[in-house]
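S.K.: What follows is a predicted protein model with its sequence.
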Amino acid sequence: MNKAEFLSALRAELERQYISGADNMTEYYDEMICDRMEDGMSEEEAVASLGSIEDIVREALVDRPMSTIVRDRVKKSKDKAEKKGHGALWITLVVLGFPVWFPVLLSVAIIGFVLFLVFWILVGTVFIVMASLALSAAACLAAAITFPFGWISGPSLLVALGGALALTSIVVLLWRPMISFSKAAGRFFADIVRSIKRKFV
């Protein structure tokens, strides 16, 4: 398949799947093909290296917001029923099934939102603990600075300096792992969301 055939087929499939931004996507893949051809690939090799159109479109479907995915699934289901001449039956079933499907859909949305909140509250708690340690280190250092004014005694100065040093060391040692943990947690949550979207797609 050459570039023109690939881009034409990609655009047709994007439009068939009701995916907006077909122009931007085809321009993006056009540039990718040109870049790979500049690196020494032939036109056919560059096109083949992008993968199948089905995989590209599937990923484009997954990248959309969940509300858009659900709306498009409903629209496609309705269009399919109308093509078969069952449009009135489809509407009747939707109306009669409302007491069943709406509470289920609402419950799933609420559970998803609660899990989202709990997940990021846990991540946020880690940074709150880190901030508390950093503030405690600053407080110990501030107490040590007041020693010349006689506001704390000699033993208290040693405790304040030791506390400031220990807490600062903990913050410095844990900062990078906490950042890595947060990024990994974000990727994990994004993977879960994408896997759920793939079920719908």
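M.R.: Perfect, thanks for sending it.

S.K.: my guess is residue 127 meets residue 179, correct?
M.R.: No - using Cβ atoms under 8 Å as the test, residue 127 is too far from residue 179 to be in contact (9.5 Å). No exception for glycine: its C-beta is placed from N, CA and C like everyone else's.

S.K.: Please work out how many residues are found near residue 33.
M.R.: Residue 33 is flanked by 21 other residues according to other Cβ atoms under 10 Å.

S.K.: Wait, it touches residue 43, no?
M.R.: Yes - between residue 33 and residue 43 there is a contact under Cβ under 8 Å: 7.2 Å.

S.K.: Find residues that contact each of those two.
M.R.: Residues within reach of residue 33 and of residue 43 at once, by Cβ atoms under 8 Å, 6 or more residues apart in numbering, are residue 3.

S.K.: How many neighbouring residues does residue 127 have?
M.R.: Neighbours of residue 127 using other Cβ under 10 Å come to 13.

S.K.: what's the answer for the one 4 residues further on, then?
M.R.: Burial measure for residue 131: 11 neighbouring residues, criterion other Cβ under 10 Å.

S.K.: got it, and the one 10 residues further on?
M.R.: In terms of burial, residue 141 registers 16 neighbours under the definition other Cβ under 10 Å.

S.K.: Counting by contacts, list what the helix or strand where residue 74 lies packs against.
M.R.: Residue 74 belongs to helix 66-83 when assigned by DSSP states H and E. The contact analysis (3 or more Cβ pairs under 8 Å, 6 or more residues apart in numbering; DSSP states H and E) places helix 66-83 against helix 87-96, helix 154-200.
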